[in-house]
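>>> Any chance you can model this:
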Amino acid sequence: MTEHSTAARAADATTSREIVGAPCWTSLLTHDLAAAQSFYGAVFGWTFRPLSLGEDFRVALHEGRPVAGIGALASTLGVPVAWTPYFAVEDADATAARIRERCATVAVGPLRFPTGRAALAADRGGAVFGIWEGRLVSNWHSWRVDAPVRLRLLSPDAFDAAIFYGQVLDWACERPGCCDVDYEQEEVVLSQEGRVLARLGSGADDAALDPADLPQWEVCFTVADPETTVRQALLHGGSLVRHGNRLHRATTLRDPQGSVFSVAGRSEPRSVQLR
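I've put the predicted structure just below:
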């Protein structure tokens, strides 16, 4: 398959089987759906519409394009409120089995929804992530191209994490269109056709007193004016976790229900030169 046709397939993908291994969505599990919509609508200017997953789910839109999902299932599933990235898989049961085989945890699922199956898991360091088998959200290709969300794993050991996710999600394999793994400034970079999909960094400590230093997937929303967005978050009941700095420009915040997320400007390059 040529590079052009592989890229076109990813852009036009409608199911997880067409983009196996790639981040395919990010979603917030919360206790109070209405309160979450009120907060994030005020902070980011998002609007919301129902999802075919059921009454407890909404998709957040910015200027009519999908950004993220919100579901009021934290209490039902017995999990903390949190933003979680989901990765596309061909078979949720087989992927869940690979996760367990590698001494990681499948905490919830796989569960069946109207459009597919999902599970919540934690890697060997404790960072929570999701897997999704099924139909992608409507207009998913614009989410992929616009990249309104950046993902970064904070792990005790980025290289060990890359091996784990590579084995579980079929990164850097022989199948056409699979995700590539590269190394850049001591980080592992996940990409496809030169487009950065996620970064994996070291330095997390599972015994850290500061929750921001625990192993986790950072969900970072890109905005035109980060300072204004941070002010809006604080004004509407959010709290500051960590200021951005020269090395890590994202500012980390906590919403009123306790979920952590980050915001950053849109200037970071979105592609890498694969070696």
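>>> Need the three-state assignment for Val145.
Using DSSP: H, G, I helix; E, B strand; the rest coil, the structure places Val145 in helix.
>>> Need the pLDDT of it.
Looking at Val145, its pLDDT reads 75.
>>> before we move on, what about Pro211?
Note on Pro211: pLDDT of 73.
>>> check contacts around it.
Applying CB atoms under 8 Å, 6 or more residues apart in numbering, we find Pro211 in contact with Val241, Val260. Every C-beta, even on glycine, is put in place using the N, C-alpha and C of the backbone.
>>> same check, this time on Pro215
Asp123, Gly125, Gly126, Ala127, Leu153, Leu154, Ser155, Pro156, Ala204, Asp206.
>>> Number of residues surrounding the last one?
The reference is to Asp206. Asp206 has 13 neighbours, counted by other CB atoms under 10 Å.
>>> Which secondary structure element is home to it?
If you go by DSSP states H and E, Asp206 is not part of any helix or strand.
>>> Show the contacting residues for the residue nearest in space to the middle of the chain.
With distances taken as CA atoms, centre = their mean, Pro85 lies nearest the centre of the chain, 2.4 Å away. Counting by CB under 8 Å, 6+ apart, Pro85 touches Pro23, Trp25, Thr26, Phe129, Gly130, Val149, Leu151, Ala198, Trp217, Val219.
>>> what's the lowest-pLDDT member of the contacts of Pro215?
Where pLDDT dips furthest among these: Asp206, at 75.
>>> Might one say that it is in contact with Ser155?
No: contact criterion CB atoms under 8 Å: Asp206 and Ser155 do not qualify, at 9.9 Å.
>>> Overlap of the contact sets of those two?
By CB under 8 Å, 6+ apart, the residues touching both Asp206 and Ser155 are Gly125, Pro215.
>>> Phi and psi next, for the residue nearest to the centre of the chain.
Main-chain torsions, Pro85, degrees, to the nearest 10: phi -80, psi 150.
>>> which residues pair with it across the strands?
Thr26 (DSSP bridges).
>>> Tell me how far the closest residue to Leu73 other than its chain neighbours lies from Val223.
In space, and not counting its chain neighbours, Leu73 is closest to Leu29: 5.4 Å by CB to CB, 6 or more residues apart in numbering. Using CB to CB, to the nearest Å, Leu29 is found at 22 Å from Val223.
>>> What of Leu234?
For Leu234, the distance to Val223 equals 15 Å [CB to CB].
>>> So these two - more neighbours on which side?
Set side by side, Leu234 and Val223 show more neighbours around Val223, with 20 against 13, by other CB under 10 Å.
>>> looking at it, the more buried one is touching Phe261, isn't it?
No: counting by CB under 8 Å, Val223 stays clear of Phe261, with 11.4 Å between them.
>>> follow-up on the earlier one: between the contacts of Pro215, which is closest to Pro80?
Nearest to Pro80 among the contacts of Pro215, counting by CB to CB, is Gly126 at 12.4 Å.
>>> What about that closest one, how many residues nearby?
Residues near Gly126, counting by other CB under 10 Å: 15.
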